[in-house]
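Novice: Below is the structure, and that's it, no one-letter string:
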């Protein structure tokens, strides 16, 4: 496969995956981990960080895909009582995310028979603005099934964001 064809296939895979983050509700697989000594009680304002376009996967991410994911995460944060701010100086914590297809072969996540992406992992990190270190992480694995511009896809993005942020901030009594 030529590099140009590879870019097109990879781009199409990422476009579907990042735009939709679509699976069936039972397929939601989220795990979280966090710094147990971090004080999450003072977090009220969150700044979503721009996507670094430093890898093939992130270079192929479209502005529309980034907007859809950011909107879903922002809406869930607001629904949960946080304020999403645009200036880092106003934030109590930074949110960053990154999508990675399976390591073995980016193209293997694309099913040419259905022209749909079938999997990938989205990492969402909460980063302390002073230490510039991740203090909380959610890992979301999904098997995708639908197109990004459907009502079902929009509902699922909402459900996915809810699942991803369900354990943020962590319950202090769980430490």
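Specialist: Perfect, thanks for sending it. Bear in mind that the values here come from a model prediction, so they are computed numbers and not experimental data. Residues are numbered from 1 along each chain as shown.

Novice: Quick check: residue 136 is in a strand.
Specialist: Yes: the assignment for residue 136 is a strand, going by DSSP: H, G, I helix; E, B strand; the rest coil.

Novice: all helices for the chain, in order.
Specialist: For the chain, the helices defined by DSSP state H occupy 3-20, 56-59, 63-79, 151-165.

Novice: can you give me the mean pLDDT across the last one?
Specialist: Averaging pLDDT along helix 151-165 gives 89.

Novice: Show the secondary-structure elements that that helix is packed against.
Specialist: Counting contacts by 3 or more C-beta pairs under 8 Å, 6 or more residues apart in numbering; DSSP states H and E, helix 151-165 packs against helix 3-20, helix 63-79, strand 120-128, strand 133-142. (Glycine included, C-beta is placed from N, CA and C.)

Novice: quick one: that helix to helix 63-79, angle?
Specialist: 60 degrees (axes from the mean of the first three to the mean of the last three C-alpha atoms, to 10 degrees).

Novice: And helix 151-165, what's buried?
Specialist: Neighbour-count burial for helix 151-165, counted by 16 or more other C-beta atoms under 10 Å, picks out 153, 154, 156, 157, 159, 160, 161, 162, 163, 164, 165.

Novice: between those, which is nearest residue 46?
Specialist: Nearest to residue 46 out of these is residue 165 (C-beta to C-beta; 10.0 Å).

Novice: okay, the nearest residue to the closest one once chain neighbours are set aside: pLDDT?
Specialist: Leaving aside its chain neighbours, residue 165 sits nearest to residue 76 (5.0 Å; criterion: C-beta to C-beta, 6 or more residues apart in numbering). Note for residue 76: predicted pLDDT of 97.

Novice: List the residues that contact residue 76.
Specialist: By C-beta atoms under 8 Å, 6 or more residues apart in numbering, the residues touching residue 76 are 158, 161, 162, 164, 165.

Novice: make it 10 Å
Specialist: Neighbouring residues of residue 76 by C-beta atoms under 10 Å, 6 or more residues apart in numbering: 82, 84, 157-166, 168.

Novice: Tabulate those residues (CSV), appending distance to residue 91.
Specialist: Output for those, formatted as CSV (distance: C-beta to C-beta, whole Å):
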residue, distance to residue 91
82, 10
84, 9
157, 23
158, 23
159, 26
160, 23
161, 18
162, 21
163, 23
164, 19
165, 16
166, 21
168, 14
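
Novice: returning to what we had before: would you single out the least confident of the helices and strands packed on helix 151-165?
Specialist: Note on the helices and strands packed on helix 151-165: lowest mean pLDDT is at helix 3-20, with a mean of 40.

Novice: ok, so of the contacts of residue 76, who is nearest residue 127?
Specialist: Closest to residue 127, out of all of the contacts of residue 76 and judged by C-beta to C-beta, is residue 168, at 12.5 Å.
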